[in-house]
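> Here is my input, please return the structure:
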Amino acid sequence: MEFLNQWALPILILWPLLSAILVFMTKNETLIKWGSVLASLLPLGLSIYMLTAYDYANGAMAFEVNAPWIPAINSSIHLGVDNLSLPLIFLTALLTTLSFYYSVYVIKVRVREYFGLFHLLALSMFGVFIALDFVVFYVFWEISLVPMYLLIGIWGGKNRNYASIKFFIYTLVGSVGMMLAILGTYFATGTFDILQSAAARPFTDLPPQSALLLTSLAFWGFFFGFAFKVPSFPFHTWLPDAHTEAPTAGSVILAGVLLKLGGYGFMRIMIPVYPTAAAYWSPWVVALGAIAIVYGALVCIAQTDLKRLIAYSSVSHMGYVVLGIGAASAAFGNLNDKAAYDSAAMAFNGATMQMFNHGLITGALFFLVGVIYERAHTRELSKFGGLSVKTPYYYGIMMVAAMASLGLPGLSGFWGEFFTFRGAFYLTTYWAAFAVLGIVFAAVYILWRIIQNLFLGEYDASKITHWSSATGSHADSPTDMSGFEKLTLWPLIILIFVLGVYPTPLLNYLNGAAVQVLNFVQSVL
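This next block holds a predicted model:
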């Protein structure tokens, strides 16, 4: 086990890179597909090992690697994981494995390039979650753009070129703001190490007005970089197009993991490094989060494309992450008060639980969109109806995922919303009350737009005259889920049930992360 403790994190990066190289060198498509599935099991196994071996009660950085990289600028290969990053690494590994497995059956064009790019995408996501140096973090952050851009641009829908370019430009613009904030932080602290930068409290030795100006500029630089990725309102407009045109597995990874990079950046970098600016600007952050919740849900009601609807639901659900982080930041000046401290911890827990559970739920929903699209070759809700009789298994799985997205108690989606509102109502009462409208509107688009339009009523065979099976062969009518589709969905559905009934294992990790951030902020303010 000593070997794993020393090499677990380097393997998380090097193994997907090696897998990508081997895929690009192989011509046998069957070997590429199933070899990729098997290769993805190693990072999944490592993530489970690290989760079980980590002492979440202690909350310290673990499995650390710190090797000199560019001494001239004081940058090093500093890697590490803690309560915050470990659940997200597991989520990344799980969704990557399921995406590979699903893609084995549905990807038939340019197989080598597709699976090779997917390995590179996994590399970049793991890299962001384990990087503790700004330069390393930024490199992995930027690497993630290229594979996803190509996955959308090559294997996407008819408007894929527009969607892929829009995705790339929007997220690159946000990255420029983040890069400027990183450079400003480096000039103030003399290091690119994220933990050392937070401890150094950049710009706080300046006169109060200058300190507020510079910390605010750096704060908003990081905020824009991360908010474009979340994406938070009003930086979200790239997301529906990217989701609508992306291949199924690309949408799963985009919603399940890539959006979480932004939320992770808020917690790992923006809050610890610039807590004073976070507290000062918290009303704006809270407002953006609350508006995203309500706006995203309202726009969902107006959608006629199932995939676009679920894409906009991500805008709404990731609004809880922004609301929770903003609400917790509002308490930074009053953490000595136990009620404020507890509420801030609750808000942080809600934000981080929402990130993890949204990955499970929306990953399942996008897989389910792929299931119906492979058969009907359309996602227009008006074309469906009465599928509960024709595809009862699909109906049952969709009901579970949809109810979890709605936040039904007993399913995992409930807890992120519950903890976020528990903290936000104490700290930002009026915005929290406004955000509650998002739950009402979510019930409308889930029950009316999805459940009723897809499954209820009479089945009309004249609406769709050409159906296919899961593997692409002709079918006379809708066919229910096949074995590989069930196997893809069941791990997510099981976790949605388990964490809905008993969220404590996940909360043990995430609450430790919240307490660690709050204790650090309390010590430096």
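> mind listing what the closest residue to residue 166 other than its chain neighbours touches?
Using C-beta to C-beta, 6 or more residues apart in numbering and skipping residues adjacent in sequence, the residue nearest residue 166 is residue 238, 4.9 Å away. Using the backbone N, CA and C atoms, a C-beta is placed for each residue, glycine as well. Contact analysis of residue 238 by C-beta atoms under 8 Å, 6 or more residues apart in numbering lists 163, 166, 167, 169, 170, 171, 228, 231.
> Could you rerun that using 10 Å?
Contacts for residue 238 (C-beta atoms under 10 Å, 6 or more residues apart in numbering) come out as 163-171, 173-174, 228-229, 231.
> Could you measure from it over to residue 224?
Taking C-beta to C-beta, to the nearest Å as the measure, residue 238 falls 14 Å from residue 224.
> Could you name every residue contacting both of those two?
Shared contacts of residue 238 and residue 224 (C-beta under 10 Å, 6+ apart): 173, 174.
> where's stretch 205-223 relative to the chain centroid, distance-wise?
In terms of C-alpha atoms, centre = their mean, to the nearest Å, the centre of stretch 205-223 is set 28 Å apart from its chain centre.
> can you list contacts of that stretch?
Defining contact as C-beta under 10 Å, 6+ apart, one finds that stretch 205-223 is touched by 174, 176-185, 187-188, 201-204, 227, 230, 232, 235, 262, 265-266, 269-271, 273-278, 280-281, 284-285, 288, 322, 325.
> The longest strand that the chain contains: partners in the sheet, and parallel or antiparallel?
Longest strand in the chain by number of residues (criterion: DSSP state E): strand 62-70. Paired strands of strand 62-70, with direction, are strand 75-81 (antiparallel) (DSSP bridges).
> Quickly find the element holding the nearest residue to residue 334 once chain neighbours are set aside.
Spatially, and ignoring its direct neighbours in sequence, residue 334 is nearest to residue 340 (4.4 Å; C-beta to C-beta, 6+ apart). Assessed by DSSP states H and E, residue 340 sits inside helix 338-376.
> next SSE after the least confident helix or strand in the chain by mean pLDDT?
Of the helices and strands making up the chain, the lowest-confidence element is strand 474-475, at a mean of 75, by mean pLDDT, DSSP states H and E. Sequence-wise, the next helix or strand downstream of strand 474-475 (DSSP H and E) is helix 483-501.
> CA atoms of that following helix as PDB?
Taking Å, rounded to 0.1, in the frame of the first residue of the first chain, the C-alpha atoms of helix 483-501 are listed here in PDB:
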ATOM      1  CA  GLY A 483     -28.900  -4.800 -21.300                       C
ATOM      2  CA  PHE A 484     -26.000  -2.500 -21.800                       C
ATOM      3  CA  GLU A 485     -28.200   0.600 -21.200                       C
ATOM      4  CA  LYS A 486     -29.500  -0.900 -18.000                       C
ATOM      5  CA  LEU A 487     -26.000  -1.700 -16.800                       C
ATOM      6  CA  THR A 488     -24.900   1.900 -17.600                       C
ATOM      7  CA  LEU A 489     -27.700   3.400 -15.500                       C
ATOM      8  CA  TRP A 490     -27.900   1.100 -12.500                       C
ATOM      9  CA  PRO A 491     -24.700   2.300 -10.700                       C
ATOM     10  CA  LEU A 492     -26.100   5.900 -10.900                       C
ATOM     11  CA  ILE A 493     -29.600   4.900  -9.800                       C
ATOM     12  CA  ILE A 494     -28.300   2.800  -6.900                       C
ATOM     13  CA  LEU A 495     -26.200   5.800  -5.700                       C
ATOM     14  CA  ILE A 496     -29.100   8.100  -6.000                       C
ATOM     15  CA  PHE A 497     -31.200   5.800  -3.800                       C
ATOM     16  CA  VAL A 498     -28.400   5.100  -1.300                       C
ATOM     17  CA  LEU A 499     -27.300   8.700  -0.800                       C
ATOM     18  CA  GLY A 500     -30.900   9.800  -0.700                       C
ATOM     19  CA  VAL A 501     -31.700   7.600   2.200                       C
END
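> Point out the other helices and strands that that helix packs with.
Helix 483-501 sits against helix 85-106, helix 248-253, helix 338-376, helix 392-406, helix 413-427, helix 504-524, with contacts defined as 3 or more C-beta pairs under 10 Å, 6 or more residues apart in numbering; DSSP states H and E.
> In the fourth one, which residues are buried?
Along helix 392-406, the positions that meet the burial threshold by neighbour count (16 or more other C-beta atoms under 10 Å) are 394, 395, 397, 398, 399, 400, 401, 402, 403, 404, 405, 406.
> Surely the fourth one and residue 366 touch.
No - using C-beta atoms under 10 Å, residue 398 and residue 366 do not qualify as a contacting pair, with a distance of 11.8 Å.
> so where does the residue nearest the centre of the chain fall, helix or strand?
With distances taken as C-alpha atoms, centre = their mean, residue 260 lies nearest the centre of the chain, 2.8 Å away. Using DSSP H and E, residue 260 sits in helix 259-265.
> For that helix, list the C-alpha coordinates in CSV.
Coordinates of each C-alpha in helix 259-265 appear next as CSV, following Å, rounded to 0.1, in the frame of the first residue of the first chain:
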residue,chain,number,x,y,z
LEU,A,259,-19.4,22.0,-14.7
LYS,A,260,-18.1,20.9,-11.3
LEU,A,261,-14.6,22.3,-12.1
GLY,A,262,-16.0,25.8,-11.6
GLY,A,263,-17.6,25.0,-8.3
TYR,A,264,-14.5,23.2,-7.1
GLY,A,265,-12.4,26.3,-8.1
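> tell me which strands and helices it is in contact with?
Judged by 3+ C-beta pairs under 10 Å, 6+ apart, the packing partners of helix 259-265 are helix 85-106, helix 111-130, helix 134-143, helix 160-189, helix 208-229, helix 306-330, helix 338-376.
> Please tell me how far it is from the chain's geometric centre.
The gap between the average C-alpha position of helix 259-265 and the chain average comes to 6 Å, counting by C-alpha atoms, centre = their mean.
> and after that helix, which helix or strand comes next?
Sequence order places helix 271-273 as the next helix or strand after helix 259-265, per DSSP H and E.
> Can you pull out the residues in contact with that next one?
Residues outside helix 271-273 that contact it (C-beta under 10 Å, 6+ apart): 134, 181-182, 185, 188-189, 194-195, 197-202, 215, 218-219, 222, 265, 277-279, 325, 328-329, 332, 348, 516-518, 520-521, 524.
> contact partners of whichever helix or strand comes after it?
Counting by DSSP H and E, the element after helix 271-273 in chain order, helix or strand, is helix 275-280. Residues from elsewhere that reach helix 275-280 (C-beta under 10 Å, 6+ apart): 198, 201, 203-204, 211-220, 222-223, 266, 270-272, 274, 285, 325-326, 328-335, 517-518, 520-522, 524-525.
> Check those for burial and list the buried ones.
Neighbour-count burial (16+ other C-beta under 10 Å) is assigned, among the contacts of helix 275-280, to 198, 201, 203-204, 211-212, 214-220, 222-223, 266, 270-272, 274, 285, 325-326, 328-333, 335, 517-518, 520-521.
> pLDDT of stretch 45-56, averaged?
For stretch 45-56, the mean pLDDT works out to 89.
> hmm, who's touching that stretch?
By C-beta under 10 Å, 6+ apart, the list of residues contacting stretch 45-56 reads 1, 4-5, 7-9, 11-12, 15, 60, 62-63, 81-83, 85-94, 97, 126, 129, 505, 507-513.
> now do stretch 461-480
Against stretch 461-480 from outside (C-beta under 10 Å, 6+ apart): 105-106, 108, 370-378, 380, 382-387, 389-395, 459, 481-486.
> Apply 7 Å and report the result again.
Stretch 461-480 is contacted from outside by 105, 374-378, 383, 387, 390-394, 482, 485, using C-beta atoms under 7 Å, 6 or more residues apart in numbering.
> with these in mind, which one is nearest to residue 501?
Taking C-beta to C-beta as the measure, residue 501 lies nearest residue 393 of the contacts of stretch 461-480, at 22.3 Å.
> Which pLDDT does the model give the closest one?
Looking at residue 393, its pLDDT is 90.
> residues contacting the residue nearest to residue 334?
331, 334, 427.
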